[in-house]
Structure formats: structure tokens, C-alpha cells
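Undergrad: Got a sequence here, can you model it:
(2 chains)
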Amino acid sequence: MALPKYTEPHYRIWHYIYLTICGAVFFFLIAPLFVIFPLSFNAEEFLSFSDGMKRLDPDAFSLRWYKDMIYGTKNPWGLAAKNSFIIAIFATIGSVILGTVAALGLSSRHMPYKGLIMAVLISPMIVPLIISGVAIFFFMAKAGLAATHTGIVLAHIILGTPFVVITVTATLSGFDHSVTRAAASLGSDPVNTFMKITLPLILPGVISGGLFAFVTSFDEVVVVLFLAGLENTTIPIQMWTGLREQLSPTILAVATCLIILSTLILVTAELLRRRSERLRGINQ
Amino acid sequence: MSSETKQILTTDGIPLEVSLKKAEKKNKIKAFLLVAPLLFFLIITYVFPIGDMLFRSVDDKMVTQMLPKTFKAMESWDGQELPEEEVFAAFHEDFIKLVEDKREGKLSTQLNYTKNGFKSIIKKLRRASKKFEEGNYKEQIMSVHKRWADVEYWRAIQRRAPEFTGQKYLKGMDMYVNEEGKIVSVEEDRRIHRVLWLRTLEIAFFVTVFCFLMAYPIAHLLATLPMKYSNLLMICVLLPFWTSLLVRTASWMILLQQQGIVNDFFVGIGLVADDNRPEMMYNKTGSYVAMTQILLPFMVLPLYSVMKTISPSLMRAGKSLGGTPFVAFWKVYFPLTIPGIGAGCLLVFILAIGYYITPALVGGASGTLISNQIAFHMKSTLDWSFASAMGLMLLSGVLVIYWLYNKIVGIDNIKLG
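TA: Reported below is the predicted structural model:
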């Protein structure tokens, strides 16, 4: 944002102060993530930069913590990663199906009690996780689903659907309903219309809702701490235990992998958002 | 439609009004059927269990069921003098049954909540009761320990007679019902819960303020920069947003530790002495710093989406009408961003007030919040009814804010990413 030439000096100074503040805030936001990266390649067991690392000595860097993460004896990360992916995938599928169908109903102008129902559907996102955790634990314990994958998947569906409902409702708000009427008038039944017409048009919204649901499940620790047994351990649980007991560099190796994963998800989500905005005709 | 005007009929002879209503109703049902699966799923797995928490938090049947005969006998007791033999006999009968089922320990724990000193005298009573002779239980029980002859302890038992109680809620506010039946506060140095509530509010409030102060300039920058730069900078906001909470907390643990980079930096610029590195983690500072950074994107995104809609020509108009840039900003730009400020602040405050993971890891003893206390009672003391009561107290606070949010911003206006 270049200043015009006629700007008076003291506004010029203000402007640079403003830019400096912005720079500092961006640094505050992003820098902590980048600390993990180099430290996960530390050859030593300490969680601070060794003298060798400061001199960029190649011997000070190693992949030993990554090896430990994958091949380490008694290491929990393999099982945790498997569980995390299985749970997140099923939770995402469940959230997307339930959430999308509900969003279709919610965007109909005939929907009765829209505000109230929307409030209920969004509530798992607003209610503090610890309370959701307690409530869901009580339910799962009664239903005999505590310490099972099914129980955790159901819990994550509860937590993930609000995101799908919100993103899909937003996408549908720009949806031209005359195309579905056109399809119906041409003899298509509602299911066929949905699969062939509506779904392809709202797909970006559905997928980005699904990404939110996936991340919510993959990253969720509070509810899982109540529900999981030893068999159902997930990556967040292992990280939580690790961080509480002893901060080992292996955790940083895992954290680096998670940052890479979240970068991939971010890029996908951004591409989808732009595509859906283009489709909805919102020009930037 | 009045009866005199000719009714408009559809082709099959039904009045249009009726036919239209029928179609509308059909559409309503159709829309509702689409929402129904998720709605019922949530009601069964989520809304009812929260109701269950409400029930658990006031449920006090345990003692009622352990001493049924005693409470029946106590109905006619006025609570002034020691109860009659009949109460003692009933209590003895209940107690023998509990000893047989090996549940007298539970009774002593429960009664100890009401009044301290029950644990030891119940243990003594169990041992002595084996040698009890039939009849005259009053004398025999009273001879076990002098507290059994103290009317206060019998009143304490009587207070556990009702099946429902609000005492867990009182306990959550550090209050209790004393011997005279009045609600009073516990001694000053034992008011741990009030301290926690206040600290939760304080941390949530200041985290919201810090987030606002930091988010406003960068949201403004993002909204006014040309697209190709702002997209790049937006990554700085979105990457933390998408990154695992635990990863971000871990990075703060590394940064803030005593031999960590932040302390190294302070020593390096001579702000603190090397042998006197301040403790920045496991206290309130840790909670503040980490929570502010973690919640910052939730403030930036709503502000950005509002600022994006403000036309830059408004500021130019303000300046051309003689306002200095500051006046133009304050009188024109700032009022237009208030919806975004409201949305962001409420969102951050709601999230901060229920925070659990980050304070538990970097907050130490002085930086933990009410959520940590709830988790503690769920997992360690297993006092689930107390955890439920505190959870619901927290929830009611959040719901008030949620309602405000809905009034001011509207829940359908929540934007993600």
C-alpha cells in the first residue's frame, strides 16, 4: 500500500508504525509454527537449538526422531495414526451425509422453525468442548459404546456436522433453484436431480465442509480423552500424553508431519473456496 | 377471501386456497424430513445427554436409597433433641444391610461430604456393630463414639434425605447449607471455585482484548492490500487456523520454556540476566500468550470479512470533506466495522471461556480454568454430579453469550475460512 507523494511526514511515520505492528502480529501468528520444523531435525535430545545447529553444522541435524517415530520400539504412533485416520474418515463421511441433507432442508424457504432448528444443529460448535465431552461420555457409557471406535466416530460426527451444515447452507444460499425445477419438469425424480444437478453445483461447499469435519475429528482431543480406551488411542491423545509427561523430540517430528498435512488441507480448502466463489459469481 | 367473491378453483375443482395450503404443507414436511435425521441424531446423542447432566447434577438418591428405613423413621423427628430409639433401630437395620453388601464405605464418603468426621465413626460403628445385642440400639450406638451422641451428626444425616439437591451448584460457588439450613460461603482461604470462575472470566476477557488489538490492524491491512499480496499474507492467518491445537501448544511450550528461545532472546538483548530467567510457562503468562495466538485467527476472519465490504471511497470522501485521516478513520471507518468486532469478540470470548487443552499444558496451577476443574472431577475425583453442575453453570453462561451473538450477528452469518 504505497502512500501518495503528498502525504505529510507525521502521517508517513504513523503509516510505518502501522506496518511494523502488522508485521509483528503476522510474525507472532506464524513464527511459532516454524520453530518446530528445525528442532525436529535436532541430533540431540534437547528441545532447544544446540550450538552446532546455530552454526548450521550438518552433524547437528539428523533424522533420528523421524526414525524413532516410525520404527521406535513400543512406539504408539503407528496405531495412533491408523486409528486417527479410520475415525476421521468415517466421521467425515457421516458428518457430510447428515450435514448436507440437513442443509438442503434448512435452505428450503418452507422450513418451519428454521432459527430454532439451526441453533440446535450448530450447538456442538458453540458449547464448550469439555461440556460436550462430559455429555457425550454419559451417553456412550449408557449405550455401551465407550472405548469403542464406533463411539468415537459418533462423537466426532456430532462435533463435525455443524461445519458441514454451515458451509453447505452458505453454498446453497447462492444456488439457483430454478435449475432443479427445470430438471423436475423434464421428468427427473428428486434423488436423480440431487445427484446430477444439485450435488455437482454445491460440491465445493460439501468438500470444504468435509475438510472441516475431517480436521475437527483428526485434531479432536477433549472428547476422545473421555471416550478412548488403550485400543482407541489417536494421534492427539498420544501428543497430549507426550506433552504432559515429557516433551520429546519425537513429538516434534510428529508435529512437523501434522503441519505438512494441515498445509495440504489449507491449500485444498483455499482452492475450493475460490472455485466456489467463482461459481457463485462473487468477484474479488 | 370473502364468501361473496367467486372462489378460484383449480382444474380438479378444489379451491385454489386449499390446494395451495396443501402444497405448502407438503413442502414443509419435505423440508423437515431432510433435516430430521441429523436433528434426531443430535437430540438423542447430544441434547438428551446434556439434559442427563442436569439430572445428575441435582440427583442425590444414593444416600436416600442406602438409608431408606432411617429416613422413614426420621419423618416424625423435629431435629431438636437426639432422635428416639426407633430412629436408631432403623439406622442399625439399614447399616447392617450396608455392611453385608460392603457399601458402608460409600455411605461414609457421602456423609462426610455433608459433615466432616463421619469417616472414622462409621468405621468404629462397623467394628462395634458385630457385637451389638438386640434391643436398645440408641444406647449401644451412642456408646461407640461420642459423636454418635451429638445431635449435629443426626441432623447431618437427615439433610441427606431428599432425593434432589442443589448443593453441588452451591459448592460450585463455594457455598453450602450450614446446620441452621442457611446458605453461607465457605471460609475465605477455601474459596477455590470462585477464584477459578473469576480467573476464567479474566483470562477470557483479556485474551479477547489482546486478540482484538492485534487482529484489527492486520485485518485492515489484509482488506486493503491488493489481492495478490493479501492472499499471501492470509496464509499466515489460515495456516495456524488449520494446524492442530496440540502442535501449536507444543510450539509454545518450546518457545516459553526457561531455556527456550524467547528467554534466550531476552537474555541476548540484555533484558534479563542469564541466571535469572523468568518463568513464562506453567503460569498465567503461558495461558495468555498461547491462547491469544491460538484464538487470533477467529478474530481476524470475521473482522476481515466485514472490512472487505467497506468501500475505500468512503475514507476518501471523509478526507476530502476536511477530516484528517484519524478523524476519517474514527468517524467513518471504525463504526462500519462494529458488526465484525462484535462477531469476533463474542466468538473468541466463547471459545476462550471453555478452553481446556492449552491451559492444562502451559497454564500450570495459576493458569488453569474452570474447564480443567471439570475434567479433574470427571477423571480424578469421579464426582460426576459436581462436574455436571459446574459444566451446566459454564454452559448457561455460554448460552447467554450465544443468544447475544445470535441477536447481534445471527448464527447463519458465521463464516468459516
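
Undergrad: Contact partners for the closest residue to chain A within the stretch 301-417 of chain B?
TA: Per CB to the nearest CB, B:G354 is where the stretch 301-417 of chain B lies closest to chain A, at 2.3 Å. Where C-beta positions appear, they are placed from N, C-alpha and C, glycine not excepted. Counting by CB atoms under 8 Å, 6 or more residues apart in numbering or on different chains, B:G354 makes contact with A:V127, A:P128, A:L129, A:I130, A:I131, B:S371, B:L394, B:V398.

Undergrad: what's the answer for B:G172, then?
TA: Going by CB under 8 Å, 6+ apart, B:G172 touches B:H193, B:F386, B:A389, B:M390, B:M393.

Undergrad: can you list those residues in JSON lines and add secondary structure, neighbour count and pLDDT?
TA: Below are the contacts of B:G172 laid out as JSON lines (DSSP: H, G, I helix; E, B strand; the rest coil; neighbours: other CB atoms under 10 Å in any protein chain shown; pLDDT from 0 to 100):
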{"residue": "B:H193", "secondary structure": "helix", "neighbour count": "19", "pLDDT": "90"}
{"residue": "B:F386", "secondary structure": "helix", "neighbour count": "23", "pLDDT": "90"}
{"residue": "B:A389", "secondary structure": "helix", "neighbour count": "26", "pLDDT": "93"}
{"residue": "B:M390", "secondary structure": "helix", "neighbour count": "29", "pLDDT": "93"}
{"residue": "B:M393", "secondary structure": "helix", "neighbour count": "18", "pLDDT": "93"}
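
Undergrad: Of those residues, which is the nearest to B:D59?
TA: Using CB to CB, B:A389 is the member of these that lies nearest B:D59, at 10.3 Å.

Undergrad: Under the pLDDT cut-off, which ranges of chain B? List them.
TA: For chain B, applying pLDDT under 70 flags the ranges B:1-6, B:179, B:409-417.

Undergrad: related to what we said a few turns ago, mind checking how far the residue of the stretch 301-417 of chain B closest to chain A is from B:M173?
TA: Note on B:G354: its distance to B:M173, by CB to CB, to the nearest Å, is 18 Å.

Undergrad: swap in B:T208?
TA: 24 Å.

Undergrad: Please apply the same query to B:N276.
TA: Counting by CB to CB, the gap from B:N276 to B:M173 is 40 Å.

Undergrad: So between these two, which is more surrounded?
TA: Comparing B:N276 with B:M173 by other CB atoms under 10 Å in any protein chain shown, the one with more neighbours is B:M173, at 17 against 7.

Undergrad: okay but the more buried one is in contact with B:H193, surely?
TA: Yes. The criterion here is CB atoms under 8 Å, and B:M173 meets it with B:H193 at 6.4 Å.

Undergrad: check contacts around B:A89.
TA: B:A73, B:Y137, B:K138.

Undergrad: sorry, back to before: out of the contacts of B:G354, which is most surrounded?
TA: Highest count within the contacts of B:G354 by other CB under 10 Å belongs to A:I130, 29 neighbours.

Undergrad: element containing it, please.
TA: Per DSSP states H and E: A:I130 is located in helix A:129-143.

Undergrad: next helix or strand past that helix?
TA: In N-to-C order, the element after helix A:129-143 by DSSP H and E is helix A:149-173.

Undergrad: next one: that following helix to chain centre, how far?
TA: 12 Å (CA atoms, centre = their mean, to the nearest Å).

Undergrad: who touches the residue in the stretch 51-200 of chain A that chain B sits nearest to in this structure?
TA: Residue nearest to chain B within the stretch 51-200 of chain A (CB to the nearest CB): A:P128, separated by 2.3 Å. Contacts for A:P128 (CB under 8 Å, 6+ apart) come out as B:I350, B:I353, B:G354, B:Y355, B:Y356, B:S371, B:L394, B:L395, B:V398.

Undergrad: so what's the backbone phi/psi at it?
TA: When read as degrees, to the nearest 10, the backbone of A:P128 gives phi -50, psi 140.

Undergrad: Next: B:Q259.
TA: Per degrees, to the nearest 10, the backbone of B:Q259 is at phi -100, psi 20.

Undergrad: right, and it touches A:S48 too?
TA: Yes. Using CB under 8 Å, B:Q259 makes contact with A:S48 at a distance of 5.2 Å.

Undergrad: Settle it for me: which of those two has more neighbours?
TA: Ranked by neighbour count (other CB under 10 Å), B:Q259 and A:S48 place A:S48 first, with 18 against 11.

Undergrad: hang on, the more buried one in a helix?
TA: No. Using DSSP: H, G, I helix; E, B strand; the rest coil, the assignment for A:S48 is coil, not a helix.

Undergrad: which residues touch it?
TA: The contact partners of A:S48, by CB under 8 Å, 6+ apart, come to A:L39, B:I254, B:Q257, B:Q259, B:G260, B:I261, B:D264.

Undergrad: What's the local residue count around the third one?
TA: Looking back up the chat, that one is B:Q257. 21.

Undergrad: and the angle for the helix holding A:I130 with helix A:149-173?
TA: For helix A:129-143 against helix A:149-173, the angle by axes from the mean of the first three to the mean of the last three CA atoms, to 10 degrees is 130 degrees.

Undergrad: tell me the mean pLDDT for helix A:129-143?
TA: Across helix A:129-143, pLDDT averages out at 93.

Undergrad: same question, stretch A:169-186
TA: 87.

Undergrad: now the contacts of A:S48 in CSV, with secondary structure and distance to B:V63?
TA: Formatted as CSV, the contacts of A:S48 follow (DSSP: H, G, I helix; E, B strand; the rest coil; distance: CB to CB, whole Å):
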residue, secondary structure, distance to B:V63
A:L39, helix, 55
B:I254, helix, 49
B:Q257, coil, 48
B:Q259, coil, 53
B:G260, coil, 51
B:I261, helix, 55
B:D264, helix, 57
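
Undergrad: May I see those organised as TSV, with distance to B:K25 added?
TA: TSV is the format used below for the contacts of A:S48 (distance: CB to CB, whole Å):
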residue	distance to B:K25
A:L39	64
B:I254	61
B:Q257	65
B:Q259	70
B:G260	65
B:I261	65
B:D264	70
